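Chemist: structure of the sequence below:
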Amino acid sequence: MSTESGADRFDPGAPTLAAAGSRLASALMARPVDVARHTVALAGELARIGLGSSALSPDPGDDRFAAPAWSADPLLRRAVQTHLATTGAATAMLDDAGLDPADDALLRTVVESVADVVAPSNNPVLRALAARRFTAAPREPGDVEVPLPTPPAPATRRLAFGDDVAASPGAVVLRTDAFELVHYLPQTREVHELPVLVVPAPGLPGYLADLSPGRSLVEHLVHGGTQVLLVSWHPAAAGADARGQALLDALDAVERISRAGSTVLLGIGDGAVLTAAVLAHLAAVGLQERVAGAVLVGLDPRDAGPGTAVPRDLRQWLADAAGAAPAAAVELPGELLGTPLDSAVVDRDTLVVASSDAGAWAGLAGKGAVEVVDAPAEAFVAPPASWWATLAEWLDTRTGERCEAPAELGGRGMHALAPSPGEYVSAR
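Modeler: Residues are numbered from 1 along each chain as shown. I've put the predicted structure just below:
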């Protein structure tokens, strides 16, 4: 018979929960970028859950939510998705904390235990609701089987903003009548000190630069250590002067957020013409040093030739763009905000990405160093298209040294108002 006591069985080397929790807090405080990334991602997922567009679902082997009512009933489905999102965020933070194995094992056990206790399937009210709203099969003559809604066929389902398209994590940090300013969450511990402000074409769906995961220019840039912000236009922003002033307001905000005196402007389509016009305006008033360089992307997927294979995400963008005005002429307006415009006074370096009309786009660039990349219209979202690699190399020498990534989105009095992509992305 063993005489080993409970005290004898105690392992003095085993971590206590309080100590492990304290070390976790210290580890997370040393990783503010990781914490911010997970916090913003969770906020975005919770917003999608509230809107009914979340794609979260339990693992097929998770028998806690096996009854179809947990996915068919809107209230129950949202309860399950909220549970999955929050426990997933907690686990992700543990993954990034880098704790020693003993602390990690203890805290994972705690997280899993708490998650099981607070699971919707353990909530008596939700469990009773699931039981009332689900009949697995008619058990007696006269019983009625509850019909489950048939999901749309994958080929016809519309892609969801913030999930299938425009999915890069970030937040709206400024909203005006003319635009929302989206600040994307850094994905690297260090970023280039000078930010890039993306200027989509006004009047077209604003998510072309963040089309879908794996085919997103925004995603490509942030994963390369670039600080990226984007102007998401509202249709009310009409007229050259109104859009020009809006872009200047966005530039003010970017400088405030980044605490940098210069920003690279990356304009797309008519947004590139507007970018060149605003740069010429700044040069005319002696303020072109606010722009570290300009990227003029003259590619319009609407110009793709017949017979070109069009991926599903781009088909949705083209459908959303149907009825929009054709692209404007590739030329500067005579004046902007009362200032006569002349590209000859602009001396910023410019990268031009265009197809057959590359010469016209290069004519907007001024007297700085101009590099031209020839690419077909459909190559805007065709990674790894050569111009993405050229762009990354071009930006690397014009966005300053690397510094610690910001720990928050916005900053200096500007805070997250809503998860990306915001409200204006679909306002047409």
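Chemist: what number of residues lie near T339?
Modeler: When neighbours are defined as other CB atoms under 10 Å, T339 has 15 of them. Using the backbone N, CA and C atoms, a C-beta is placed for each residue, glycine as well.
Chemist: from what I can see it touches G286, true?
Modeler: No - using CB atoms under 8 Å, T339 is not in contact with G286; the gap is 11.0 Å.
Chemist: what about the helices in this protein?
Modeler: Secondary structure of the chain (DSSP state H): helices at 6-9, 17-29, 32-51, 69-72, 74-97, 101-118, 124-132, 217-223, 240-258, 270-284, 312-321, 358-362, 386-396.
Chemist: show me what contacts the closest residue to L217 other than its chain neighbours?
Modeler: Spatial nearest neighbour of L217, excluding adjacent residues (CB to CB, 6 or more residues apart in numbering): A209 at 4.8 Å. Counting by CB atoms under 8 Å, 6 or more residues apart in numbering, A209 touches V198, P200, S216, L217, V218, L230, I268.
Chemist: please pull out the lowest mean pLDDT helix or strand from this structure.
Modeler: helix 6-9 (a mean of 39; mean pLDDT, DSSP states H and E).
Chemist: most neighbours of all the contacts of A209, which one?
Modeler: Result: L230 is most packed of the contacts of A209 (other CB under 10 Å), 31 neighbours.
Chemist: could you give the bridge partners of that residue?
Modeler: V182, V198 (DSSP bridges).
Chemist: got a pLDDT number for it?
Modeler: Predicted confidence (pLDDT) for L230: 98.
Chemist: ok, R312 next?
Modeler: 90.
Chemist: could you measure from R256 over to V278?
Modeler: R256 is 17 Å from V278, where distance means CB to CB, to the nearest Å.
Chemist: who has more neighbours out of those two?
Modeler: Taking other CB under 10 Å, R256 and V278 do not tie; V278 has more neighbours (29 against 16).
Chemist: now do the shared contacts for T339 and G286.
Modeler: Residues touching both T339 and G286 by CB under 8 Å, 6+ apart: none at all.
Chemist: thinking again about what came up before, nearest to D163, out of the helices of the chain?
Modeler: Checking the helices of the chain against D163 by CB to CB gives helix 32-51 as the closest, at 5.9 Å.
Chemist: buried residues in the closest one?
Modeler: 33-46, 48-49 (16 or more other CB atoms under 10 Å).
Chemist: and the residue positioned nearest the centre of the chain, what does it touch?
Modeler: With distances taken as CA atoms, centre = their mean, S168 lies nearest the centre of the chain, 2.2 Å away. Applying CB under 8 Å, 6+ apart, we find S168 in contact with Y184, L185, D210, S216, V218, E219, V222, S420.
Chemist: check T86 too.
Modeler: Contacts for T86 (CB under 8 Å, 6+ apart) come out as L42.
Chemist: just the buried residues of helix 32-51 now: which is nearest D96?
Modeler: Distance to D96 across the buried residues of helix 32-51 (CB to CB) is lowest for D34, with 4.4 Å.
Chemist: find the nearest non-adjacent residue to that closest one, please.
Modeler: Using CB to CB, 6+ apart and skipping residues adjacent in sequence, the residue nearest D34 is D96, 4.4 Å away.
Chemist: just the pLDDT for the one you found.
Modeler: Per-residue pLDDT puts D96 at 81.
Chemist: quick one: it and T86, what's the gap?
Modeler: According to CB to CB, D96 stands 16 Å off from T86.
Chemist: one step back: point out the most buried one among the helices of the chain.
Modeler: Comparing these by mean neighbour count (mean count of other CB atoms under 10 Å), helix 270-284 ranks first with a mean of 25.
Chemist: check the offset of that one from the chain's centre.
Modeler: A distance of 26 Å separates the centroid of the chain from that of helix 270-284, by CA atoms, centre = their mean, to the nearest Å.
Chemist: same question for stretch 390-403.
Modeler: Taking mean C-alpha positions (CA atoms, centre = their mean), stretch 390-403 and its chain are 21 Å apart.
Chemist: with stretch 366-386 instead?
Modeler: 23 Å.
Chemist: tell me which residues in it are buried?
Modeler: G366, V370, V373, A375, P376, A377, E378, A379, F380, V381, A382, A385.
Chemist: ok, now how distant is the first one from D320?
Modeler: Read that as G366. On the measure of CB to CB, G366 and D320 end up 33 Å apart.
Chemist: just the second one next, same as before
Modeler: For V370, the distance to D320 equals 33 Å [CB to CB].
Chemist: equivalent analysis for the last one, please.
Modeler: When CB to CB is applied, the distance between A385 and D320 equals 22 Å.
Chemist: re the thing from before, okay, the contacts of S168 in a markdown table with pLDDT and distance to D396 next?
Modeler: Formatted as a markdown table, the contacts of S168 follow (pLDDT from 0 to 100; distance: CB to CB, whole Å):
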| residue | pLDDT | distance to D396 |
| --- | --- | --- |
| Y184 | 95 | 18 |
| L185 | 93 | 20 |
| D210 | 95 | 21 |
| S216 | 94 | 19 |
| V218 | 96 | 17 |
| E219 | 95 | 17 |
| V222 | 96 | 14 |
| S420 | 93 | 25 |
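Chemist: most widely separated two among those?
Modeler: Spatially, the most separated pair among the contacts of S168 is L185 and S216, at 13.1 Å (CB to CB).
Chemist: for A246, give me its contacts.
Modeler: Listed by CB under 8 Å, 6+ apart, the contact set of A246 reads T176, A178, F179, V231, W233, A237.
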